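> Mind folding the following:
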Amino acid sequence: MTVEIARAAEVAGSSEILTDDALAFVEALHHGFDARRRELLAVRRARRERIAAGEPLDFLAETAEVRAGDWRVPPPPAALADRRVEITGPASPAKMAINAVNSGARVWLADLEDASSPTWANVIGSVLNLRDAARGTLAWTSAEGKEYALRDDLRRPTVVTRPRGWHLPEKHVLIDGERASGSLVDFGLHFFHTAQLLIDNGDGPYYYLPKLESHLEARLWNDVFVFAQERLAIPQGTIRATVLIETIPAAFEMDEILFELREHASGLNAGRWDYLFSIIKVFRDAGPEFVVPDRASVAMTAPFMRAYTELLVKTCHRRGAVAMGGMAAFVPNRADPEATATAFEKVRADKTREAADGFDGSWVAHPDLVPVCREVFDGVLGDRPNQLDRQRPEVEVSAAELLDVASAGGAVTEAGLRTNLSVGVAYTAAWLAGNGAVALHSLMEDAATAEISRSQVWQHLRHGVVLADSGRTVTRELVRAVLDEEVAALRADVPSDRFAAHYEPAARLVADLVLANDYVDFLTLPAYELLE
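Alright, predicted model coming up:
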């Protein structure tokens, strides 16, 4: 075996997870699929360069027959037929995992990606917690002696695990001297240790697939699934995958992505925050018509966002796949009941729109929002598990409508610039400390929202945007000055040792990213090099 565990301190549970057989399985995945993964990442970069040179983004001519065909994906398994409310959150630490399992949601998106900082302890701890959750033994005791355990008085959610995206490496696992793929490490260790347990429980190994940009990337996942099931003697089609449509290229290939996953396809999700991030990234230098206003002002009712979500529902239901709505990121503040009540009504309105549009369920980030989301979808679904019968034949979406970013309205403001820089630094600092899901200003921030924040600053600087509320032009000098002010404000609220350990490197990284001449594709790539 050519697997080496490098630069890794011993963490709890590693001997149970990093067995010879499990590592041999990861090694086989690497040898079978990592070269293609790298090739597809190169294809991404080449396509982005062609778009920057003027190539239009459009539905693919070479796959027109797939879009026109009458094929359907298999019916959802019983455990995935009713997904009216899904809670998202990291699978490590154990306390958060237990709270998610005890939330009353129909599904838990156990996140090893945007809501998780990929420290080695979190990578191992996530797989360990998911294995123990499948066993029904997951428990944790705090330093103060408070005990957390899985409840037996309610239905536990179906677990759908989200591995890291194709672009992320795992530096602690070297195979033939090369860093392994974070995707293949996460999937490989999770599948090896939990697949049969989940099947025995009446569920199965179910996955959310993030950051896909093409049907060819979905084809790679499908081939991974076929190999994994064959290797572990699990019937083909047992794995079921829901794909996050959270990149603008993928929005043009929804049919093709479902088609490539074939018997493993389950549904699509409207990953709204990463979708905005992707639009900024892909069209970052395409002209003022692609400048995205303050993120808080981009509502899901904006025409270009409506085009994206309505196309997703129509595509899913035509193919027999579930359509999952986007994130309600609000975090209740029990110290401010009035603000909490107002936010709850906004969440209710958002979920009501999704249910009325035909979505089969939606996401929340906090257990207190589970009843709100469930009540809304109960009102539309009643005793039905979903509304796959709602076909939406009246929906017709053009490429121009998907790309009409200017339809968002809104403005770019200095207040938005300050929020972007403050959130970018505060989130990155928490990420460097090992926490990938962070409550800031009553919103649950994750890597996707941090990516929007730093990308907007880069884009606004690139275009010399004039700020609507102050009349100032976004220049390097202004960005530096505002960043210094926001970092000083954060310093006043954070213990000095914690600030030095995490906020100072976070501020340097954010400054480097937003002021760089060349755009960096993912904040998490340079940030990962700062993790132990």
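
> Helices of the stretch 1-150 of the chain, start to end?
With DSSP state H, counting those that start in this stretch, the ranges of helices along the stretch 1-150 of the chain come out as 14-17, 20-52, 64-68, 78-81, 94-101, 120-135.

> And the ones you listed: which comes nearest P169?
Of all the helices of the stretch 1-150 of the chain, it is helix 20-52 that lies closest to P169, at 10.2 Å by CB to CB. The way it works is simple: take the backbone N, C-alpha and C, and place the C-beta from them, glycine included.

> which one of the helices of the stretch 1-150 of the chain is the most hemmed in?
Among those, helix 120-135 has the highest mean neighbour count (mean count of other CB atoms under 10 Å), at a mean of 23.

> what helix or strand is the closest residue to F25 other than its chain neighbours on?
Using CB to CB, 6 or more residues apart in numbering and skipping residues adjacent in sequence, the residue nearest F25 is F192, 4.9 Å away. Here F192 sits within helix 182-200, counting by DSSP states H and E.

> circling back: the residue nearest to F25: what's it in contact with?
Listed by CB atoms under 8 Å, 6 or more residues apart in numbering, the contact set of F192 reads 21-22, 25-26, 232.

> Just the closest of these to G410, please.
V26 (45.0 Å).

> wait, isn't the closest one in contact with S183?
No - at 11.0 Å, V26 and S183 do not qualify as touching, with contact defined as CB atoms under 8 Å.

> Mutual contacts of those two, please.
Common neighbours of V26 and S183 (CB under 8 Å, 6+ apart) do not exist.

> In the stretch 251-400 of the chain, mark out all the helices, start to finish.
For the stretch 251-400 of the chain, helices defined by DSSP H, counting those that start in this stretch occupy the ranges 254-261, 272-282, 303-319, 337-357, 370-381, 399-402.

> In JSON lines: the ones you listed, plus mean pLDDT and mean neighbour count.
Putting the helices of the stretch 251-400 of the chain into JSON lines (pLDDT from 0 to 100; neighbours: other CB atoms under 10 Å) gives the following:
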{"stretch": "helix 254-261", "mean pLDDT": "98", "mean neighbour count": "24"}
{"stretch": "helix 272-282", "mean pLDDT": "95", "mean neighbour count": "24"}
{"stretch": "helix 303-319", "mean pLDDT": "98", "mean neighbour count": "22"}
{"stretch": "helix 337-357", "mean pLDDT": "91", "mean neighbour count": "16"}
{"stretch": "helix 370-381", "mean pLDDT": "97", "mean neighbour count": "19"}
{"stretch": "helix 399-402", "mean pLDDT": "98", "mean neighbour count": "16"}
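
> List the buried residues for stretch 52-65?
With burial defined by 16 or more other CB atoms under 10 Å, the residues of stretch 52-65 counted as buried are 57, 59, 63.

> what residues does it touch?
51, 67, 215, 248-249, 252-253, 255-256, 282, 285-286, 399, 403.

> Next, format those as CSV and append distance to D512.
Output for the contacts of stretch 52-65, formatted as CSV (distance: CB to CB, whole Å):
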residue, distance to D512
I51, 25
R67, 42
H215, 34
I248, 25
P249, 27
F252, 32
E253, 33
D255, 39
E256, 37
V282, 21
D285, 19
A286, 23
A399, 35
L403, 30
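
> tell me which of these is nearest to F304?
Closest approach between those and F304, by CB to CB: L403, at 7.0 Å.

> Hmm, F304 and that closest one touching each other?
Yes - using CB under 8 Å, L403 is in contact with F304, at 7.0 Å.

> which stretches of the stretch 401-532 of the chain form strands?
Secondary structure of the stretch 401-532 of the chain (DSSP state E, counting those that start in this stretch): strands located at 438-440, 443-445.

> Quick check: which of the ones you listed is buried the most?
Of all the strands of the stretch 401-532 of the chain, strand 443-445 carries the top mean neighbour count, a mean of 22, counting by mean count of other CB under 10 Å.

> neighbours of H463, just the number please.
Number of residues near H463 (other CB atoms under 10 Å) recorded here: 16.

> What distance do you get for V474 to L461?
Separation of V474 from L461 (CB to CB, to the nearest Å): 5 Å.

> would you list the strands of the stretch 401-532 of the chain in JSON lines and tack on distance to A94?
Below are the strands of the stretch 401-532 of the chain laid out as JSON lines (distance: least, CB to CB, whole Å):
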{"stretch": "strand 438-440", "distance to A94": "18"}
{"stretch": "strand 443-445", "distance to A94": "19"}
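
> Tell me how far the one helix or strand in the chain whose mean pLDDT sits lowest lies from the chain's centre.
In the chain, no helix or strand scores lower on mean pLDDT, DSSP states H and E than strand 443-445, which sits at a mean of 84. Distance of strand 443-445 from the chain centroid (CA atoms, centre = their mean, to the nearest Å) equals 13 Å.

> ok, now stretch 233-253?
Its chain's C-alpha centre lies 13 Å from the corresponding centre of stretch 233-253 when counted by CA atoms, centre = their mean.

> can you tell me the average pLDDT over that stretch?
For stretch 233-253, mean pLDDT is 98.

> And stretch 452-464, by the same measure?
For stretch 452-464, mean pLDDT is 97.

> ok, and what's touching it?
Applying CB under 8 Å, 6+ apart, the set of residues contacting stretch 452-464 is 273, 276-277, 280-281, 284-285, 288, 291-292, 294-295, 412, 416-417, 419-421, 423-424, 427, 473-476, 479, 510, 513-516, 519, 523.
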